[in-house]
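Chemist: Show me how the following folds:
(2 chains)
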Amino acid sequence: MRALHTAATGMTAQELNVQVISNNIANMRTTGYKRQQAHFQDLLYQDMRRSGTVTSEQDTRVPAGIEIGTGVKAVSTARAMSQGNISPTEKDYDIAIRGEGFFRIEMPDGRTTYTRDGGFELNAEGELVTKDGYRVAPGIQVPQDARSVSISAQGQVQVLVGGANEPQDVGQIAMSRFVNKAGLQAIGDNLFLETAASGPAIEGQPGEAGFGNLQQGFLEEANVNAVTEISSLIAAQRAYEMNSKVVSAADQMLTAASQMFRG
Amino acid sequence: MENSLLIGLSRQVALAREINVIANNVANVSTNGFKARSSVFEEYMMPNARAEEFPRADREFAYVIDADTPLDLSQGATEQTGNPLDVAIQGDGFLVVDTPQGERFTRNGAMQLDAQGRLVNSDGFLVLGDGGPIAVDPQATDLTISPDGVVTSAAGQFGQLRLVRFDNPQGLSNAGANLFVSEEEPMPAMDTASLRSGMVERSNVNAVLEMTRMMDVSRAYTSIAGMIQRMAELQRTAVQRLGEIA
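Modeler: Numbers count the residues shown, from 1 in each chain, chains lettered A, B, ... in the order given. Sure thing, here's the model as predicted:
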């Protein structure tokens, strides 16, 4: 009985759906997190009676045939790359991106990764680094005796050094964007890698055409909406239950069939 | 006497098919743009030889056969996704997807851009506009899709999504992957069909209905199994009794 297998594909799909939703909920306080959504597709169909086949010599045809589907499969867990809320933190090196673009991060293994998480710190050498200590491209060095730091909407980093009243430029934060940002590969730690699907990184600076602005002292919250996630979770759980009901119905039918001739 | 067994069997085969259809509907309860199928049965007159020389003629009897699994083409619920490239189709219309096997039609409006900035579906197949694929300028931001399918950004327009309809949508055949294939040439959709950007159309499977149908099918199958069993017992008793007399 095919229904058993069909319902099993349904249960597998809903299990994946719950996984995706639970990851969204788990990351609802993760800076720069972008929610994922599971997308599903129907599997192949078996044509028992093809529509359009001839049914008599008078050229009458089957208007709609018998097609029996074989279940469902997950096809993508696409990210919604919409803007998250921006909340104030009053920390000098917390930077939120308003609009398009990613910060470029230089990994210790030489790769370049991309992030929307602008919660940066200084390391012992005064370099701007992520919470994991990776350098923010193109490398910004804040002098040891800097009194105050200001980062402009265009990504220009200026400091007041010693007793000087004139701010001094120490660098410019770089940004990248992608044609298909949903195609980026997440590697954890709020970082993304470029892929063949995302297209090559387009480099630029905050405030340029097509790029967003920076906002110092703010962080971008996750774009997870708790109410939506919980209602999706309920829907997924019910769908799982219903598929399991189909399994037991098909099982009952099989039992009835196997018990028809006792002795 | 075998007739009742065979008629019962034909019903069981039909019911087994019906539960397969229901299982597929329930499995696709969260598939975007999915259209549920139901089952339609018809009677099939038994055409075999008759013995007319008896005082009473044989009564005609009929098997049940599944005739059709019609599509339920009603509108599914629309859900907000926050992705500006997702569209929900309101009214009678299908998007056109260019696959290696030819044009396919879908109600699933979850779209993305590929690395070249072209509008594609979840499998990377091009979603066609009126003049072929729709390619978006890589510099463009804040893409929107208008109700009539025009893809626009601040930098200008990039094309209009093609919406089609069919004279006999029941002739559409499922190709899997949320796609339909049609033998009939599609026609441009009417003006009443429109798109809602930032939303997708969910599956139109009615869970409650499917569950009740499923219980129906399961019970009917069990009761026919009981009937067949009783018929078999009747036969066995008859054989025994006849044997005793002889």
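Chemist: longest single helix anywhere in chain B?
Modeler: helix B:207-245 (DSSP state H).
Chemist: can that helix be found next to chain A?
Modeler: Yes: using C-beta under 8 Å from any C-beta of the partner chain, helix B:207-245 reaches chain A at B:207, B:210-211, B:214-215, B:217-218, B:221-222, B:225-226, B:228-229, B:232. The way it works is simple: take the backbone N, C-alpha and C, and place the C-beta from them, glycine included.
Chemist: Look up phi and psi at the one residue sitting closest to the centre of chain B.
Modeler: Chain B has residue B:37 as the residue nearest its centroid, 3.8 Å off, counting by C-alpha atoms, centre = their mean. The phi/psi pair for residue B:37 (degrees, to the nearest 10) reads phi -120, psi 150.
Chemist: pretty sure it contacts residue B:23?
Modeler: No: contact between residue B:37 and residue B:23 fails when scored by C-beta atoms under 8 Å: they sit 11.2 Å apart.
Chemist: tell me the contacts of the nearest residue to residue A:111 once chain neighbours are set aside?
Modeler: Distances taken as C-beta to C-beta, 6 or more residues apart in numbering or on different chains place residue A:193 nearest to residue A:111, at 7.2 Å, with adjacent residues excluded. Residue A:193 is in contact with A:111, A:113-114, A:184-185, A:187, counting by C-beta atoms under 8 Å, 6 or more residues apart in numbering or on different chains.
Chemist: how about stretch B:81-99: buried residues?
Modeler: Neighbour counts over stretch B:81-99 (16 or more other C-beta atoms under 10 Å in any protein chain shown) mark B:81-90, B:92-98 as buried.
Chemist: The stretch 151-263 of chain A against chain B: which residues are in contact?
Modeler: Residues of the stretch 151-263 of chain A lying near chain B by C-beta under 8 Å from any C-beta: A:179-180, A:182-183, A:196-200, A:202, A:209-210, A:223, A:228, A:235-236, A:238-239, A:242-243, A:245-246, A:249-250, A:252-253, A:256-257, A:259-262.
Chemist: Next step: these restricted to strands.
Modeler: With DSSP state E as the criterion, strands contain residue A:202 from among these.
Chemist: Number of residues surrounding residue B:112?
Modeler: 23 (other C-beta atoms under 10 Å in any protein chain shown).
Chemist: for it, what are its contacts?
Modeler: Per C-beta under 8 Å, 6+ apart, neighbours of residue B:112: A:78, A:180, A:182-183, B:85, B:119-122.
Chemist: Who is it paired with across the strands?
Modeler: Residue B:112 has these beta-bridge partners by DSSP bridges: residue B:120.
Chemist: what's the spacing between it and residue B:34?
Modeler: 19 Å (C-beta to C-beta, to the nearest Å).
Chemist: Over to residue B:124?
Modeler: Taking C-beta to C-beta, one finds residue B:124 at 20 Å from residue B:34.
Chemist: got the contact list for residue B:178?
Modeler: Residue B:178 touches A:41-42, B:31-34, B:106-108, B:121, counting by C-beta under 8 Å, 6+ apart.
Chemist: go again using 6 Å as the cut-off
Modeler: For residue B:178, the contact set (C-beta atoms under 6 Å, 6 or more residues apart in numbering or on different chains) comprises A:41, B:33, B:106, B:108.
Chemist: same thing with residue A:211?
Modeler: A:100-101, A:175, A:204.
Chemist: for residue B:69, same thing?
Modeler: A:66-67, B:21, B:37, B:39.
Chemist: Quick check: closest non-adjacent residue to it.
Modeler: residue B:37 (4.4 Å).
Chemist: so that neighbour touches residue B:20, yeah?
Modeler: No: using C-beta atoms under 6 Å, residue B:37 makes no contact with residue B:20, being 10.2 Å away.
Chemist: Tell me, how many residues neighbour residue A:191?
Modeler: 24.
Chemist: rewinding a little: are any of the contacts of residue B:178 buried, and which?
Modeler: A:41, B:33, B:106, B:108.
Chemist: so where is chain B shaky, pLDDT-wise?
Modeler: B:1, B:47-55, B:57-58, B:246 (pLDDT under 70).
Chemist: If we use 50, what do you get?
Modeler: Low-confidence segments of chain B (pLDDT under 50): none present.
Chemist: tell me the helices in it, going along the chain?
Modeler: According to DSSP H, the helices that chain B contains are B:2-27, B:207-245.
Chemist: Against which helices or strands is the shortest one packed?
Modeler: By that I understand helix B:2-27. helix A:2-26, strand A:66-69, helix A:226-258, strand B:62-68, helix B:207-245 (3 or more C-beta pairs under 6 Å, 6 or more residues apart in numbering or on different chains; DSSP states H and E).
Chemist: Would you pull up how far that helix lies from the middle of the chain?
Modeler: 18 Å (C-alpha atoms, centre = their mean, to the nearest Å).
Chemist: One more: stretch B:154-165?
Modeler: 28 Å.
Chemist: Can you tell me the SS state at residue A:32?
Modeler: Counting by DSSP: H, G, I helix; E, B strand; the rest coil, the backbone at residue A:32 sits in coil.
Chemist: How many residues are close by it?
Modeler: 23.
Chemist: pLDDT value on the closest residue to chain B within the stretch 101-250 of chain A, please?
Modeler: Residue nearest to chain B within the stretch 101-250 of chain A (C-beta to the nearest C-beta): residue A:199, separated by 3.6 Å. Residue A:199 carries a pLDDT value of 88.
Chemist: Quick check: the gap between the residue nearest to it when sequence neighbours are not counted and residue A:181.
Modeler: Nearest in space to residue A:199, with sequence neighbours left out and distances taken as C-beta to C-beta, 6+ apart, is residue B:115 at 3.6 Å. According to C-beta to C-beta, residue B:115 and residue A:181 sit 11 Å apart.
Chemist: who's in contact with residue 163?
Modeler: Assuming you mean chain A. Residue A:163 touches nothing, counting by C-beta under 6 Å, 6+ apart.
Chemist: The chain in question should be chain B.
Modeler: B:93, B:189, B:193.
Chemist: if you count what's nearby, which of residue B:124 and residue B:34 comes out ahead?
Modeler: More crowded of residue B:124 and residue B:34, by other C-beta under 10 Å: residue B:34, with 27 against 13.
Chemist: how close does that one get to chain A?
Modeler: 6 Å (C-beta to the nearest C-beta, to the nearest Å).
Chemist: Go ahead and confirm that residue touches residue B:27.
Modeler: No: applying C-beta under 6 Å, one finds residue B:34 not in contact with residue B:27, separated by 9.6 Å.
Chemist: Residue B:35: neighbour count?
Modeler: 24.
Chemist: List the neighbours of stretch A:96-104 that are in contact with it.
Modeler: A:86, A:112, A:114-116, A:118, A:137, A:174-177, A:211-213, A:215, A:218-220, B:141.
Chemist: re earlier: quick check, nearest of the contacts of residue A:211 to residue B:71?
Modeler: residue A:100 (40.6 Å; C-beta to C-beta).
Chemist: And what about that closest one, helix, strand or coil?
Modeler: Criterion first, three-state DSSP; result for residue A:100: coil.
Chemist: Thanks again, I'm all set now.
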